[in-house]
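>>> just need the structure, nothing else, for what follows:
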Amino acid sequence: MLFQIYGTTAVSQLLGWCAVFVGLILANEIARRTKVGGIALLVALPLALTAYFVVVAVAASCGAEWALKNQTYLYMNGWFHYAKLYAADIGCIGFMVLKYKWGKLGKAHWFKAWPFVIVGINILIAVASDFESAIRGSQALAATGDRWWKSSENVWLYGGWWNWANGIAGILNILCMTGWWGIYSSKDKHHQDMLWPDMTIWFILAYDVWNFQYTYANLPTHSWYCGVALLLAPTFAAAFWNKGGWIQNRANTLALWCMFAQVFPLFQIKNCAVLPSLYANNVQNLNAFDLTQVADIATTGIKANPVPQGVVAMLALAINVVVLAMIIKRSVAARKNPYTNEIWVGTKDFEEAMARAE
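Numbers count the residues shown, from 1 in each chain. Prediction:
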C-alpha cells in the first residue's frame, strides 16, 4: 500500500483529497475561461501573496513572535516551494500571453517555445531536488548509519538510489516534449485555452508517473495531495473536456495549489494529513505534523520502508524510456526533427486537439 489511510482519520483524509481535487478543477475552470478570471487568480493573487511572504520574512528576521510562529515560515520556508510557485505562475502568465496573443510577444513565433522552456525549468527544479535528496541520504548514511535526513521544513526524508533513478527519468521526460512550436489558441469565442496538440496521452502518462514519484520521495508528507489529487485534476480535465489543454491545466492547478499550500500548510500535514508507507512501523501513531517536531526520528520507532519508492522510481524510468523510444521511432520513420516538428500527427489525441485549434 502506498499510503497509510485507515482508522479514525480515514474519513477526513478522503474528504480532504476530494476537496482538493474538486477545488483545483473548479479553480482551473475560473482561471482558464476568461481574462478576468485568469488575471485575478494568476496575477493579482500572486502579487498579494508576495507582499504577504515578504512581510512574514522581514518580521521573522526582526524576531516578531507572530512571524516566527507563522505556518508559512515554519513549514514552507525552503527554496523548492518558492521556486515551484513562481516558476509555475510565470508559466501561466506566459500561457495567457500566447492564447490571447497579447502584444508583440504573444504574436511572436519564437515565443511559442515558451511552454517547453518553462516546463523544462520546472522539471529541472524537481530533478535538482531529487539529486539533493540522494546526496543528503548518502551523507546521512555515512554519518549515522541510516539514510534519514531532515529538510529545511523539518520533514524527514529518506534519500537513496531511487532519487537518482527518478532524476534521470525527469531528464528523459524533458526530451519527451515534442513539437515545441506547435502551440495554438482554441477557436472558441474567448480563446480560453492554449493548446499543445503534440503533448498527447503518452507524454502525460510519462510525466504523471515521474512527478508522482518525485513528490512521493521528496514531499512525502504532501504527496497524497500534490502527488495524487494535483496530478489527476489536470489530467481529468484534459481527458473529458479540454483536449490539448493539459499543460495549461497543469500549470494553473500547480500554481494555485502552491499558493494554497504555502499559506495553509497545516491542512496537509496536520488537519487532513496522510503519510506514505515510507514511515513504516509507526508505533506512536504520529502524523506529519508530529514528525516535524521530532529532533531524531530514531526515537519514534519508525523504520523506513523505501520499497514503494524504488518500485515507482523504476516504473517512472521505464515509462519515460519507452515513450522516448516511441518518439525516436516515429521521428525516424517520418524523417522529422521531433522538436521542431509535430510527430504525433494522425493519432487520436493529436487530431482531437487540433480540431479545437483556430
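>>> just the strands from this structure, written as ranges.
Along the chain, the stretches classed as strands by DSSP state E are 148-150, 156-158, 184-185, 194-195, 279-280, 303-304.
>>> got TSV for those, with distance to residue 97 and mean pLDDT too?
Just so you know, the C-beta spots here come from the backbone N, C-alpha and C atoms, and that holds for glycine as well. Listed next are the strands of the chain as TSV, based on distance: least, C-beta to C-beta, whole Å; pLDDT from 0 to 100:
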stretch	distance to residue 97	mean pLDDT
strand 148-150	40	96
strand 156-158	37	97
strand 184-185	11	96
strand 194-195	9	98
strand 279-280	43	90
strand 303-304	45	92
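>>> which one of those strands lies closest to residue 357?
Residue 357 lies closest to strand 184-185 among these, at 3.8 Å (C-beta to C-beta).
>>> packing partners of that closest one?
helix 79-100, strand 194-195 (3 or more C-beta pairs under 8 Å, 6 or more residues apart in numbering; DSSP states H and E).
>>> hmm, back to that, for residue 247, find the nearest of the strands of the chain.
strand 194-195 (7.6 Å).
>>> sheet partners, orientation included, of that closest one?
In the sheet, strand 194-195 lines up against strand 184-185 (antiparallel) (DSSP bridges).
>>> run through who's touching the strand it pairs with.
98-101, 191, 193-197, 244, 354, 357-358 (C-beta atoms under 8 Å, 6 or more residues apart in numbering).
>>> what is the lowest-pLDDT residue among the residues you listed?
Lowest pLDDT among the contacts of strand 184-185: residue 191, with 86.
>>> ok, now how distant is the closest residue in space to that residue that isn't next to it in sequence from residue 196?
Leaving aside its sequence neighbours, residue 191 sits nearest to residue 185 (C-beta to C-beta, 6 or more residues apart in numbering; 4.5 Å). To residue 196, residue 185 is 11 Å away according to C-beta to C-beta, to the nearest Å.
>>> who has more neighbours out of these two?
A count of neighbours by other C-beta atoms under 10 Å puts residue 196 above the other of residue 185 and residue 196, at 28 against 19.
>>> isn't the more buried one right up against residue 186?
No: contact status for residue 196 versus residue 186: not in contact, 11.4 Å apart, counting by C-beta atoms under 8 Å.
>>> what do the two both touch?
Common neighbours of residue 196 and residue 186 (C-beta under 8 Å, 6+ apart) are residue 244.
>>> can you pull out the low-pLDDT segments for the stretch 251-358 of the chain?
Residue ranges of the stretch 251-358 of the chain with pLDDT under 70: 282-284.
>>> now do residue 289 against residue 272, distance only.
For residue 289, the distance to residue 272 - C-beta to C-beta - is 11 Å.
>>> who has more neighbours, those two?
Of the pair residue 289 and residue 272, residue 272 is the one with more neighbours under other C-beta under 10 Å, namely 21 against 17.
>>> now do the contacts for the residue found closest to the more buried one once you drop the neighbours it is linked to in the chain.
Leaving out its chain neighbours, the residue that sits closest to residue 272 by C-beta to C-beta, 6+ apart is residue 16, at 2.9 Å. Neighbouring residues of residue 16 by C-beta under 8 Å, 6+ apart: 225, 267, 268, 271, 272, 274.
>>> next, the contact list for the first one, please.
The contact partners of residue 225, taken as C-beta under 8 Å, 6+ apart, are 16, 17, 20, 257, 261, 268, 274.
>>> looking at those, spot the one nearest residue 293.
residue 268 (16.1 Å).
>>> wait, the closest one touches residue 223, no?
No: when contacts are counted by C-beta under 8 Å, residue 268 is not listed as touching residue 223 (9.3 Å).
>>> quick check: phi and psi on the closest residue to residue 198 other than its chain neighbours?
Closest residue in space to residue 198, ignoring its immediate chain neighbours: residue 179 at 3.1 Å, by C-beta to C-beta, 6+ apart. With angles defined as degrees, to the nearest 10, residue 179 sits at phi 60, psi 50.
>>> quick one: residue 179 from residue 69, how far?
49 Å.
>>> in the stretch 251-358 of the chain, which spans are helices?
Here the stretch 251-358 of the chain has its helices, by DSSP state H, counting those that start in this stretch, at 266, 288-292, 307-334, 348-354.
>>> same deal with the stretch 1-150 of the chain?
According to DSSP H, counting those that start in this stretch, the helices that the stretch 1-150 of the chain contains are 10-33, 35-39, 45-61, 65-68, 71-75, 79-100, 103-107, 114-144.
>>> now the shortest one: how far from the chain's centre is it?
This points to helix 65-68. With C-alpha atoms, centre = their mean, to the nearest Å as the basis, the distance from the averaged C-alpha position of helix 65-68 to the chain average is 29 Å.
>>> what packs against that helix?
Applying 3+ C-beta pairs under 8 Å, 6+ apart, we find helix 65-68 packed against helix 45-61.
>>> can we see that at 10 Å?
For helix 65-68, the packing partners by 3 or more C-beta pairs under 10 Å, 6 or more residues apart in numbering; DSSP states H and E come out as helix 45-61, helix 71-75.
>>> got it, and the fifth one?
In this structure, helix 71-75 packs against helix 45-61, helix 65-68, helix 79-100, helix 246-263, helix 266, helix 288-292, with contacts taken as 3+ C-beta pairs under 10 Å, 6+ apart.
>>> surely residue 257 and residue 24 touch.
Yes: checked against C-beta atoms under 10 Å, the pair residue 257 and residue 24 is within contact range at 6.2 Å.
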